[in-house]
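# how would this look folded up:
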Amino acid sequence: MIYTITFNPSLDLNMAVDEFVLSHTNRAKTEELLLGGKGINVSTVLKNLGIDNTAIFYAAGFTGDEIEKRVHDFGIKSECIKLEDGLSRINVKIKNIDGTEINGLGPDIPSEKVDELLEKLKELKDSDVLILAGSIPSSMPNTIYSDILNIVPAKNVKVVVDATGELLLNTLKYEPFLIKPNNHELEEIFKVKIEDKESIISYAKKLKDMGAKNVLVSMAGDGALLVADDYKVYESEAPIGKVINAVGAGDSMVAGFVAGCLNDEGGLLDEINYEHAFRLGLSAGSASAFSSNLATKSEIIDLYNKTYK
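Numbers count the residues shown, from 1 in each chain. Coordinates of the predicted model:
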């Protein structure tokens, strides 16, 4: 089974305006309310690809109730950990003004609720895949992902980490199966200015040397590259298309890559075709960017076939 964890899920209020003027009342010309949170986005795209998975997430207040309802209505298996205080986030995104958005803080997660999650994860089995994606509330330590990885390695659980900064770096000693920084996050991690693709490859290999099995680097319109488990490098320009909404594109890339590594029973293949997994990940990420919502299976497969066959 594949599990995703989202500490800070959200409802994303996506709006478009004709013109945004500071200190004035601005009226939306379109709006839609969507599920948000990186782990839940990964679960959604996996579900769209026909891959069974379970979303584990925290939820608080009436917004948390709506998140839980929407996950259930979409048909994703879920294990919701309810919080008594606070509200799950509402993120406001003005999608036609260069990705302008305001993301909420999210509720505090008390230690006993963290313990509840850790107890759930002790039940994971060999060959399960665990995907840790996204931010954490400010009340939590940046060791929480590494605390989780400290529980699961003895069970041969394959772990995917899509996070930034110390939250990511703290997991590397546990040798996660996949990490997915973008090129800007590489700059932040290594405190450098990256000028060319060769440098991106070099710093991705450094992350692999630090413990990651596979390092998938997204580069927005410049495509992506993968330093695979055997240090072979795969790279590709972005598929051709018009970007409509880039929110969730990186999460879709993670879902597509993982999907490309799975057998018919939902476990990881013994012999992974990393080129195929890489291309499917990039196709999924791009297909979501070319859509107003997260990509469907047909959108992903059509783009894959158009780009690589």
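
# quick one: low-confidence parts of this structure?
98-99, 153-155 (pLDDT under 70).

# strands of that one, residue ranges please.
2-6, 10-17, 28-36, 53-60, 77-83, 89-94, 100-102, 129-133, 158-162, 178-179, 214-218, 224-227, 233-236 (DSSP state E).

# how about these, which one is nearest residue 150?
strand 158-162 (11.0 Å; CB to CB). From N, CA and C alone the C-beta is placed, and that goes for glycine too.

# circling back to that earlier point, got the strands of the chain as JSON lines, with mean neighbour count columns?
Formatted as JSON lines, the strands of the chain follow (neighbours: other CB atoms under 10 Å):
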{"stretch": "strand 2-6", "mean neighbour count": "27"}
{"stretch": "strand 10-17", "mean neighbour count": "20"}
{"stretch": "strand 28-36", "mean neighbour count": "16"}
{"stretch": "strand 53-60", "mean neighbour count": "24"}
{"stretch": "strand 77-83", "mean neighbour count": "16"}
{"stretch": "strand 89-94", "mean neighbour count": "18"}
{"stretch": "strand 100-102", "mean neighbour count": "12"}
{"stretch": "strand 129-133", "mean neighbour count": "26"}
{"stretch": "strand 158-162", "mean neighbour count": "24"}
{"stretch": "strand 178-179", "mean neighbour count": "26"}
{"stretch": "strand 214-218", "mean neighbour count": "25"}
{"stretch": "strand 224-227", "mean neighbour count": "25"}
{"stretch": "strand 233-236", "mean neighbour count": "17"}
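
# so which of these comes closest to residue 272?
It is, among the strands of the chain and with distance given as CB to CB, strand 214-218, at 9.0 Å.

# quick one: residues contacting the residue nearest to residue 146 when sequence neighbours are not counted.
Once flanking residues are discounted, residue 146 sits nearest to residue 170: 4.0 Å by CB to CB, 6 or more residues apart in numbering. Residues in contact with residue 170, defined by CB atoms under 8 Å, 6 or more residues apart in numbering, are 142, 143, 145, 146.

# ok, now which ones touch the third one?
The one in question is residue 145. Per CB under 8 Å, 6+ apart, neighbours of residue 145: 132, 161, 163, 167, 168, 170, 171.

# let's have the strands of the chain in CSV, adding distance to residue 287.
Converted to CSV, the strands of the chain look like this (distance: least, CB to CB, whole Å):
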stretch, distance to residue 287
strand 2-6, 19
strand 10-17, 18
strand 28-36, 16
strand 53-60, 19
strand 77-83, 23
strand 89-94, 19
strand 100-102, 21
strand 129-133, 18
strand 158-162, 18
strand 178-179, 20
strand 214-218, 14
strand 224-227, 13
strand 233-236, 14
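
# so which of those comes closest to residue 309?
strand 233-236 (13.4 Å).

# put the alpha carbons of the closest one into CSV.
Listed next in CSV are the C-alpha coordinates belonging to strand 233-236 (Å, rounded to 0.1, in the frame of the first residue of the first chain):
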residue,chain,number,x,y,z
VAL,A,233,21.5,10.9,-15.1
TYR,A,234,18.2,11.3,-17.0
GLU,A,235,17.2,14.7,-18.2
SER,A,236,14.4,16.2,-20.3
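
# list the neighbouring strands of that strand plus their orientation.
Sheet pairing of strand 233-236 (DSSP bridges) gives strand 224-227 (antiparallel).

# how far does the partner strand sit from its chain's centre?
16 Å (CA atoms, centre = their mean, to the nearest Å).

# likewise for stretch 117-130?
19 Å.

# now stretch 284-292
Worked out by CA atoms, centre = their mean, stretch 284-292 lies 14 Å from the chain centre.

# what does stretch 94-114 give?
14 Å.

# gap between the two ends of it?
With CA to CA, to the nearest Å as the measure, stretch 94-114 spans 33 Å from end to end.

# got a list of contacts for that stretch?
7-8, 10, 14-17, 20, 58, 60-61, 64, 81, 83, 85-93, 137-140, 144, 245-247.

# swap in stretch 26-33?
Contacts for stretch 26-33 (CB under 8 Å, 6+ apart): 11, 12, 13, 14, 15, 16, 17, 18, 19, 20, 292.

# all good on my end, thank you.
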